[in-house]
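Chemist: Sequence plus the predicted model coming up.
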Amino acid sequence: MAISKKEVEHVALLARLSLSEDEKEKFAKQLSQILEHAGKIAEFDTKDIKPTSHVLPIKNVFRKDEEKPSLSKEDVLLNAPAKEEGMFRIPKII
Amino acid sequence: MDYEVVIGLEIHVELNTESKMFCGCSARVFGEEPNTFTCPVCLGFPGSLPVPNEKAVEYTAKIGLALNCNVAGYTKFDRKNYFYPDMPKDYQISQYDLPICYGGYVNVEMEGLAPEGSDPRGYVRRVGITRVHLEEDTGKLTHIGESGRIGGADYSLVDFNRAGVPLVEVVTEPDIRTPDEAKAFAQKLKNIIEHLGVSDCDMEEGSLRCDANVSLRPKGAKELGTKSEVKNMNSFRAIQRALAYEIERHGEVLEGGERIVQETRHWDAAKNVTMSLRSKEEAHDYRYFPEPDLVPMELSKDWIADLRKTLPELPDARKKRFMEIYKLSAYDAELLTSSKAMGDYFEECIKSYSDAKKINNLMMGELSMHLNAANLKIEESAVTPKHLVQLLKLIDDGQISGKMAKDVFKEMFETGKLPKIIVEEKGLVQISNEEEIEKIVDMVLEENQKAVEEYKSGKGRAFGFLVGQVMRLTKDSANPRLVNKILRKKLP
């Protein structure tokens, strides 16, 4: 299962990563190896095995619908690189 | 070429739980000071862990049951990955392949002709419900710049109060064929969810939001045409107008031999157009995967059966009851049950007044007229069921005429005063004394010989003129029924 350079570019775009040409080549090779390794699982016969979405044998963990105190306004914005009128200020989006 | 319109809707409703979907922050955040209801979980701090709100899962299943859906025995949350500053985690916890509910339908009663049918008195469109799933709402962005919109903004501000509020998404099958049907479906869905009491369903406050997928295909074709997705429709009227615009746009593009571009378009209510967002080439590649921070849910048959028993009476059943018990026409009953508040108002009235038809007429007449003119909802009306019933009783007792009642209604709508008080304050008393009316009638006949002659020569119109003269002299306070009776007696 070989990953092409184009696929690396697509995944990088989705993750908002900018990669150099060398990195694209390198990651294409590494990702291919990882997929190949994981691909070994496909060799098993899983006909009688239920799909697994979670590995722990736990289900139905809920909380009651009760309001709890929130953080103070000051704490919320403490680490914000920029703020304005009690809100996070962010660079223009498009 | 003749085209068939295909519309599917995605409707989001915020649940009215006390707390958010995955943390204990208040979920009642509309209009609150920015970022005052946030915590490490809904701000997506590293190391924080979500725990689902039991009530939100229950409410979602309730909505599904009310929409004739199956409730899944096994369901889970998934992670939807995308970069957009309205979500602090850069992903939204949603549901992908195993939603809580799937495969239901809603019957929507329509007025007028079916697009391809022949019933002249209206028809029922059955709209399939593909799925009902649960997710978390996003934060709110304010774009700072000349236009106030995202395009051309200098920068943006983020308020995460809404991030994490439980949000249910209802997805329909592409069963809708006209803008009117889309509007009627959205109204019916709102009505059902209001009856369940699980959301405020307020479009203006954004607790009910509607997106639509629209496409055209040649009549008779099986395959769907290329669709566009319309967003930002903030009222039922906007749904109707935006879809009408979009259908026309598709038609023109196709007729011109061009192709529809699959894209998201925003409805601009002020300009009456949909506009492409011109965002960069956007790959809708959300890379969903099972949410590793949350364990799956198993909803037992017993739990679902118990939940079904807690469902309240829904609009269709209420309408049927109104027709059977109060002998209202299908048309009246449909209108009276078109919103929960309307039905509640009627039922409050009927507790202390037995003539359903008269209540209905006053609600659909004066009350609706004044509410529409003032752009108010029935629950905001200064005229309460108590006012309305008292007014009906004053009319029944002959204390005021129907004409006077209109003036009293206007006054109580504006001031909130009870009708009895208004009648007293204004000295409004209907003259129901026959002798008194006779005197006035005699006077009118004496003074209007010409009209009397005309009446005698067969001009029926003259009678109305004479009635009008009596009413004028009594400043509309004479009992019109008696005026008519006495005039008939006096005129040979």
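Modeler: Good, I have the coordinates.
Chemist: And the pLDDT for the residue nearest to residue B:92 when sequence neighbours are not counted?
Modeler: With Cβ to Cβ, 6 or more residues apart in numbering or on different chains as the criterion, residue B:92 has its nearest non-adjacent residue at 4.7 Å, and that residue is residue B:80. Glycine gets a C-beta too; all of them are placed from N, C-alpha and C. With respect to pLDDT, residue B:80 scores 95.
Chemist: Is residue B:80 in a helix, a strand, or coil?
Modeler: Following DSSP: H, G, I helix; E, B strand; the rest coil, residue B:80 is assigned to strand.
Chemist: from memory it sits against residue B:90, does it?
Modeler: No - contact criterion Cβ atoms under 8 Å: residue B:80 and residue B:90 do not qualify, at 10.3 Å.
Chemist: more crowded one of the two?
Modeler: Under the criterion of other Cβ atoms under 10 Å in any protein chain shown, the comparison of residue B:80 against residue B:90 puts residue B:80 first, with 18 against 13.
Chemist: hmm, back to that, residues touching the residue nearest to residue B:92, list them.
Modeler: By Cβ atoms under 8 Å, 6 or more residues apart in numbering or on different chains, residue B:80 lies in contact with B:91, B:92, B:93, B:94, B:96, B:135, B:286, B:288.
Chemist: In three-state terms, label residue B:141 for me.
Modeler: At residue B:141 the chain is in strand, as set by three-state DSSP.
Chemist: Excluding sequence neighbours, find me the nearest residue to it.
Modeler: Counting by Cβ to Cβ, 6+ apart, the residue nearest residue B:141 is residue B:156, at 5.1 Å.
Chemist: Would you agree the one you found falls within a strand?
Modeler: Yes - assessed by three-state DSSP, residue B:156 belongs to a strand.
Chemist: can you count the residues close to residue B:486?
Modeler: Residue B:486, neighbours per other Cβ under 10 Å, totals 20.
Chemist: Please apply the same query to the one 4 residues further on.
Modeler: Residue B:490: 14 surrounding residues under other Cβ under 10 Å.
Chemist: and the residue nearest to residue B:207 when sequence neighbours are not counted, bridged to which residues?
Modeler: In this structure, residue B:207 finds its nearest non-sequential neighbour in residue B:14, 4.2 Å apart by Cβ to Cβ, 6+ apart. Beta-bridge partners for residue B:14, by DSSP bridges, are residue B:167.
Chemist: Now for the most centrally placed residue in chain A: which residues touch it?
Modeler: Nearest residue to the geometric centre of chain A (Cα atoms, centre = their mean): residue A:15, 8.1 Å. Not one residue lies near residue A:15 by Cβ under 8 Å, 6+ apart.
Chemist: and the longest strand seen in chain A with chain B, contact?
Modeler: For chain A, the longest strand by residue count, based on DSSP state E, is strand A:87-91. Yes - residues of strand A:87-91 contacting chain B under Cβ under 8 Å from any Cβ of the partner chain: A:87, A:88, A:89, A:90, A:91.
Chemist: Look at the third one and say how many residues are nearby.
Modeler: Using other Cβ under 10 Å, residue A:89 is surrounded by 16 other residues.
Chemist: For it, report the pLDDT, please.
Modeler: Looking at residue A:89, its pLDDT is 96.
Chemist: you'd agree it is up against residue B:34?
Modeler: No - using Cβ under 8 Å, residue A:89 is not in contact with residue B:34, being 11.6 Å away.
Chemist: Now for those two: what residues contact both?
Modeler: residue B:157.
Chemist: So which bits of chain A are right by chain B?
Modeler: Checking chain A against chain B by Cβ under 8 Å from any Cβ, the hits are A:10, A:13-14, A:16, A:53-54, A:56, A:58-71, A:73, A:76-77, A:84-94.
Chemist: Just the buried residues of those residues.
Modeler: With burial judged by 16 or more other Cβ atoms under 10 Å in any protein chain shown, the buried subset of those is A:13, A:53, A:63, A:65, A:70, A:71, A:76, A:77, A:87, A:88, A:89, A:93.
Chemist: ok, which stretches of the stretch 51-200 of chain B are helices?
Modeler: For the stretch 51-200 of chain B, the helices defined by DSSP state H, counting those that start in this stretch cover B:54-66, B:179-196.
Chemist: ok, the first one near chain A or not?
Modeler: Yes - for helix B:54-66, a contact with chain A is found by Cβ under 8 Å from any Cβ, at B:54, B:55, B:56, B:57.
Chemist: go on, the last one?
Modeler: No - Helix B:179-196 lies out of reach of chain A by Cβ under 8 Å from any Cβ, never closer than 15.6 Å.
Chemist: quick one: the very next helix or strand once past that helix to helix B:179-196, angle?
Modeler: Following helix B:179-196 in sequence order, the next helix or strand is strand B:208-218 (DSSP states H and E). With axes from the mean of the first three to the mean of the last three Cα atoms, to 10 degrees as the basis, strand B:208-218 and helix B:179-196 are set at 150 degrees to each other.
Chemist: Who are the packing partners of strand B:208-218?
Modeler: Counting contacts by 3 or more Cβ pairs under 8 Å, 6 or more residues apart in numbering or on different chains; DSSP states H and E, strand B:208-218 packs against strand B:3-14, helix B:179-196, strand B:228-233, helix B:236-255.
Chemist: List the buried residues for that strand?
Modeler: Taking 16+ other Cβ under 10 Å as the criterion, strand B:208-218 shows B:208, B:209, B:210, B:211, B:212, B:213, B:214, B:215, B:216, B:217 as buried.
Chemist: for stretch B:126-136, same thing?
Modeler: Buried residues in stretch B:126-136, counted by 16+ other Cβ under 10 Å: B:127, B:128, B:129, B:130, B:131, B:132, B:133, B:134, B:135, B:136.
Chemist: Pipe the residues you listed into a markdown table and attach pLDDT per row.
Modeler: As requested, the buried residues of stretch B:126-136 are exported to a markdown table (pLDDT from 0 to 100):
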| residue | pLDDT |
| --- | --- |
| B:127 | 96 |
| B:128 | 97 |
| B:129 | 98 |
| B:130 | 98 |
| B:131 | 98 |
| B:132 | 98 |
| B:133 | 98 |
| B:134 | 98 |
| B:135 | 98 |
| B:136 | 98 |
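Chemist: quick one: residue B:290 from residue A:51, how far?
Modeler: As judged by Cβ to Cβ, to the nearest Å, residue B:290 and residue A:51 stand 10 Å apart.
Chemist: of these two, who's got more company?
Modeler: residue B:290 (18 against 9).
Chemist: I figured that one hits residue B:76, correct?
Modeler: Yes - using Cβ under 8 Å, residue B:290 is in contact with residue B:76, at 5.9 Å.
Chemist: where do the contact lists of these two overlap?
Modeler: In contact with both residue B:290 and residue B:76: A:53, A:54, using Cβ under 8 Å, 6+ apart.
Chemist: Just say helix, strand or coil for the residue of chain A found nearest chain B.
Modeler: Using Cβ to the nearest Cβ, the single residue of chain A nearest to chain B is residue A:68, 2.8 Å away. Under three-state DSSP, the three-state class of residue A:68 is coil.
Chemist: Contacts only, for it.
Modeler: Going by Cβ under 8 Å, 6+ apart, residue A:68 touches B:19, B:23, B:24, B:25, B:39.
Chemist: Could you pick out the longest strand of chain B?
Modeler: As assigned by DSSP E, the longest strand anywhere in chain B is strand B:123-136.
Chemist: can you list the domains in chain B?
Modeler: B:3-304, B:315-426, B:434-490 (automatic domain parsing).
Chemist: mind giving me a markdown table with the helices and strands packed on strand B:208-218 and columns for mean neighbour count, distance to residue B:64 and mean pLDDT?
Modeler: A markdown table is the format used below for the helices and strands packed on strand B:208-218 (neighbours: other Cβ atoms under 10 Å in any protein chain shown; distance: least, Cβ to Cβ, whole Å; pLDDT from 0 to 100):
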| stretch | mean neighbour count | distance to residue B:64 | mean pLDDT |
| --- | --- | --- | --- |
| strand B:3-14 | 21 | 12 | 96 |
| helix B:179-196 | 22 | 11 | 96 |
| strand B:228-233 | 20 | 24 | 92 |
| helix B:236-255 | 18 | 23 | 95 |
